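Colleague: what follows is a predicted structure for the sequence shown.
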Number of protein chains: 2
Amino acid sequence: MRVLILGGDGYCGWPTALHLSARGHDVGILDSFVRRLWDHELGVETLTRIHPLHERVELWRALTGRAIPIFAVDLQDHPALAEVIGTFLPDAVVHFAEQRSAPFSMIDREHAVLTQVNNVVGTVNLLFALKDQRPDCHLVKLGTMGEYGTPNIDIEEGFLEIEHNGRRDVMPYPKQPGSFYHLSKVHDSHNVMFCCRTWGLRSTELNQGVVYGTLTDEIARHPGLINRFDYDEIFGTALNRFCVQAAIGHPLTVYGRGGQTRGFLDVRDTVRCIELAVLHPPAPGEYRVFNQFTEQFSVGELAEKVRIASAKLGLRVAVRHLFNPRVEREEHYYNAVHTRLLDLGLEPHLLSDSLLDSLLEIAISHRDRVREDVILPRVDWRATHNRRRTRPDS
Amino acid sequence: MRVLILGGDGYCGWPTALHLSARGHDVGILDSFVRRLWDHELGVETLTRIHPLHERVELWRALTGRAIPIFAVDLQDHPALAEVIGTFLPDAVVHFAEQRSAPFSMIDREHAVLTQVNNVVGTVNLLFALKDQRPDCHLVKLGTMGEYGTPNIDIEEGFLEIEHNGRRDVMPYPKQPGSFYHLSKVHDSHNVMFCCRTWGLRSTELNQGVVYGTLTDEIARHPGLINRFDYDEIFGTALNRFCVQAAIGHPLTVYGRGGQTRGFLDVRDTVRCIELAVLHPPAPGEYRVFNQFTEQFSVGELAEKVRIASAKLGLRVAVRHLFNPRVEREEHYYNAVHTRLLDLGLEPHLLSDSLLDSLLEIAISHRDRVREDVILPRVDWRATHNRRRTRPDS
């Protein structure tokens, strides 16, 4: 199949591109590289030294003989995007090309607006480009489990059968997102659902949990293919950040009471889930939702796992509870369904001691590159001006 | 109370400003006048000759002695907006300042993006300005009944108690909007709800039905205060359009089978509903939703009412069913709750023969101003390029 990966320079997009290329699909990458710009703006950097995309793609070709064309296009530029869709003629488009950090979106008004405009307009532009250039193409859209919030009932996969006053209907699952970023994904979901119903487009929304890990089978083939490993307060996800904190002997910082429970998955399962979605497209006009995670943990449980694994490696680390910079429930019911990808054949890589060991080893081996001042949270959900224009060690 | 009306030059904003001013509130109007620009772009015009806002406000002062300051500001300009909020210091902001036409948003990609960016960013800018300048201010936000779509269960006022797998929660009512415009209002709702929860803002969302009529007690005081009366395919609402078609002897054009059922209300009830919301603010942090309409009709029923009223005035008109340019259910269950405004004291002006007569008389007396070529629908929901850059009689 011809698969175009939007945001293929990123943490999930890059391993997805390689995974699909390795399985014989004709893969292209479209990316604006704006995320690399944001890293410079915020003074943060991946722990691993990632190479420019064109170098990584050349290396992949040298290793495998498989080409991955690069389209340096921003989704804000509709004519350029439409031209790529109309010439590459993808059977599936995998859409990772969004601003994907909740704290980034909460820095200030400018970052909130940037996030919502970038994500919403980018996706609207894509929907029009698909309708005009490639209406049968399968849109695989990355959503997030964070769209649902933390309701007091089970979280279903996108839709919910509701009985009310003696009547029944299957309705979109109500969304209660917790940041301007998560809101932007909810906006996207409504826009995509509408275009499937109105224009007959077909789409799978993958409401992904928090991804951890950095290696996939393909990335492990050569150090030059290495993936991002973000640990800072803006782009770092909880487990990666805890591993870095353990590696440098800092306490693991849990926001608030730590009872916040979320779905998690290994990046190796991310790439497999995308593949499964691509291999099993929905019918024309169908909009379906898969919840893409493999296990639920509370943030406190996750910190405890890292503390124990670190101790086995001789690292003595404490767990410290910080004032929660986010506005969220810290103790709550959480039970989210995630059976549709398992039904398609997903065999989860659950969070094991050996995976934790390997993550800790990556953090330890890159210990000299850790910037300590970017780890602790400075973006306060309750404040409207969290920007740091100067940085102490820049 | 100090009340700032955003979009106070418009069809609902202008009568609302006068109504609140007449009741002794200190009213200001903020408007960018961009709607007047869109009329020129599309070659459409209100049936009634409305005067520039500054003339209308001067006339109101001459008649009543009451001043209404005008702030010529676009919500896209956050610094200017924040300055107005910080100097006018409103107790309530009534937010009508959005692109409010579904067909406009479906013209093409540019109009879809314009609608979503204009509405979403304008509202986000307002939320930040309120949080920074006037956090106790009551945001009265105009939503639309169209956010709900046409579910097969009763439509509640914003929230729904759901029982699922033996557990219960009160959740936001699931939304199934039917155009890029209606989607923009759903996006707004999520953003406003989030800011109430996270920042402690207070807001009432008024999910308004289709408004008809043009006169209120205040506007009736002088012809120079006359309000908009839109009848074209882009900005005209069904009842106003039917009256104009009857006045010029054209068939009343019902889209599709005509079983599409919606909530309707008289513009005199719009202004009273806003007043009731302003007089009864929610608690800090509270986000509440009122469904703002007084009666439900199908489009077919509405056409039949106009046909009968026209016949009594000696106008013989037919009802013609057109191919439906919209993608919507044409026969469906519809039962929407609307008790919260009645509980606050709303006494509805139901659609009566005398109101229909007065609407028809306005249409008849302005018959010479009707542009016949702007009435029939040309914006097709299924197409992505509906723009007319040239017009036959321009």
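Modeller: Perfect, I can see it now.
Colleague: name the residue of the stretch 201-350 of chain A that lies nearest to chain B.
Modeller: A:V327 (4.5 Å; CB to the nearest CB). C-beta here means a position set from N, CA and C on the backbone, and glycine is covered the same way.
Colleague: let me know the pLDDT of that residue.
Modeller: Residue-level confidence at A:V327 comes out at 97, pLDDT.
Colleague: so it lies in a helix, does it not?
Modeller: No. A:V327 is assigned coil when assessed by DSSP: H, G, I helix; E, B strand; the rest coil, not a helix.
Colleague: and the strands in chain A?
Modeller: Listed in chain order, the strands of chain A (DSSP state E) span A:2-6, A:26-31, A:70-72, A:92-95, A:138-144, A:159-164, A:167-172, A:202-208, A:210-212, A:252-255, A:261-266, A:287-292, A:295-298, A:319-322.
Colleague: mind listing what's buried in the third one?
Modeller: So the one you mean is strand A:70-72. A:I70, A:F71 (16 or more other CB atoms under 10 Å in any protein chain shown).
Colleague: sheet partners, orientation included, of it?
Modeller: strand A:26-31 (parallel) (DSSP bridges).
Colleague: could you do the fourth one as well?
Modeller: The pairing partners recorded for strand A:92-95 under DSSP bridges are strand A:2-6 (parallel), strand A:138-144 (parallel).
Colleague: now those strands as JSON lines including mean neighbour count and mean pLDDT?
Modeller: JSON lines is the format used below for the strands paired with strand A:92-95 (neighbours: other CB atoms under 10 Å in any protein chain shown; pLDDT from 0 to 100):
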{"stretch": "strand A:2-6", "mean neighbour count": "25", "mean pLDDT": "98"}
{"stretch": "strand A:138-144", "mean neighbour count": "26", "mean pLDDT": "98"}
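Colleague: turn those into JSON lines, including distance to A:L252.
Modeller: Output for the strands paired with strand A:92-95, formatted as JSON lines (distance: least, CB to CB, whole Å):
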{"stretch": "strand A:2-6", "distance to A:L252": "33"}
{"stretch": "strand A:138-144", "distance to A:L252": "23"}
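Colleague: thought A:Q292 was touching A:T339?
Modeller: No. A:Q292 lies out of contact with A:T339 (CB atoms under 8 Å); the separation is 11.5 Å.
Colleague: so what's the residue nearest to A:L344 when sequence neighbours are not counted up against?
Modeller: Among residues not flanking A:L344 along the chain, A:L276 sits closest, at 4.4 Å (CB to CB, 6 or more residues apart in numbering or on different chains). Listed by CB atoms under 8 Å, 6 or more residues apart in numbering or on different chains, the contact partners of A:L276 are A:L341, A:L344, A:G345, A:L346.
Colleague: same check on A:T144?
Modeller: Contacts of A:T144 (CB under 8 Å, 6+ apart): A:H182, A:K185, A:N207, A:Q208, A:G209.
Colleague: on the pLDDT front, check A:V210 for me.
Modeller: 96.
Colleague: neighbours of it, just the number please.
Modeller: 19 (other CB atoms under 10 Å in any protein chain shown).
Colleague: just A:C12 next, same as before
Modeller: A:C12: 22 neighbours (other CB under 10 Å).
Colleague: residues of the stretch 251-394 of chain A that sit close to chain B?
Modeller: Contacts of the stretch 251-394 of chain A with chain B, taken as CB under 8 Å from any CB of the partner chain, map to A:V327, A:Y333, A:W381, A:R382, A:T384.
Colleague: now for those residues: which two are most distant?
Modeller: Using CB to CB, these reach their maximum pairwise distance at A:Y333 and A:T384, which is 30.8 Å.
Colleague: and the helices in chain A?
Modeller: Taking DSSP state H, the helices of chain A run over residues A:13-22, A:34-42, A:53-64, A:78-88, A:102-105, A:109-133, A:180-199, A:238-247, A:267-279, A:299-312, A:340-343, A:353-365.
Colleague: show the contacting residues for the nearest residue to A:H332 once chain neighbours are set aside.
Modeller: What sits nearest to A:H332 in space, not counting adjacent residues and going by CB to CB, 6+ apart, is A:T150, at 4.4 Å. The contact partners of A:T150, by CB under 8 Å, 6+ apart, come to A:Q176, A:Q260, A:T261, A:E328, A:R329, A:H332, A:Y333, A:Y334.
Colleague: pLDDT wise, what is the third one at?
Modeller: It stands for A:T261. Taking A:T261 on its own, its pLDDT is 98.
Colleague: how near is it to A:Q76?
Modeller: Distance of A:T261 to A:Q76, given as CB to CB, to the nearest Å: 35 Å.
Colleague: in terms of neighbours, single out the busier of the two.
Modeller: A:T261 (22 against 15).
Colleague: if you skip the residues just before and after it, what's nearest to the more buried one?
Modeller: Using CB to CB, 6+ apart, the closest residue to A:T261 is A:Y334 (3.9 Å).
Colleague: where does chain A dip in pLDDT?
Modeller: Counting by pLDDT under 70, chain A contains low-confidence ranges at A:389-394.
Colleague: the same query, at a cut-off of 90, please.
Modeller: For chain A, applying pLDDT under 90 flags the ranges A:237-238, A:354, A:387-394.
Colleague: wait, what's in contact with the closest residue to A:S358 other than its chain neighbours?
Modeller: Excluding its sequence neighbours, the residue lying closest to A:S358 (CB to CB, 6+ apart) is A:L215, at 7.2 Å. By CB under 8 Å, 6+ apart, the contact list for A:L215 reads A:N227, A:V267, A:R268, A:S358.
Colleague: same deal with A:V319?
Modeller: By CB under 8 Å, 6+ apart, the neighbours of A:V319 are A:P251, A:L252, A:V254, A:G300, A:A303, A:E304, A:R307.
Colleague: which one (most neighbours) among those?
Modeller: Of the contacts of A:V319, with other CB under 10 Å as the count, A:A303 tops at 27 neighbours.
Colleague: test my guess that A:R378 contacts A:F323.
Modeller: No. A:R378 is beyond contact range of A:F323, at 11.8 Å (criterion: CB under 8 Å).
Colleague: which of these two has more residues huddled nearby?
Modeller: When A:R378 and A:F323 are compared for neighbours, A:R378 comes out ahead with 15 against 8, by other CB under 10 Å.
Colleague: what's near enough to touch the more buried one?
Modeller: A:E233, A:P325, A:N386, A:R388.
Colleague: in CSV, list those along with distance to A:T64 and neighbour count.
Modeller: Shown next, in CSV, are the contacts of A:R378 (distance: CB to CB, whole Å; neighbours: other CB atoms under 10 Å in any protein chain shown):
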residue, distance to A:T64, neighbour count
A:E233, 36, 21
A:P325, 43, 20
A:N386, 43, 17
A:R388, 42, 13
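Colleague: and the two most separated of the residues you listed?
Modeller: Maximum distance among those (CB to CB): 14.0 Å, for A:P325 and A:R388.
Colleague: quick one on the thing from earlier: by neighbours, which of the residues of the stretch 251-394 of chain A next to chain B wins?
Modeller: A:W381 (19 neighbours).
Colleague: tally of neighbours for the closest residue in space to A:R109 that isn't next to it in sequence?
Modeller: In space, and not counting its chain neighbours, A:R109 is closest to B:F128: 4.3 Å by CB to CB, 6+ apart. B:F128 sits with 23 neighbouring residues when counted by other CB under 10 Å.
Colleague: my guess is B:F128 contacts A:T384. True?
Modeller: Yes. Taking contacts as CB under 8 Å, B:F128 lies within contact range of A:T384: 5.7 Å.
Colleague: any idea how far the residue nearest to A:S358 is from A:T64?
Modeller: 17 Å.
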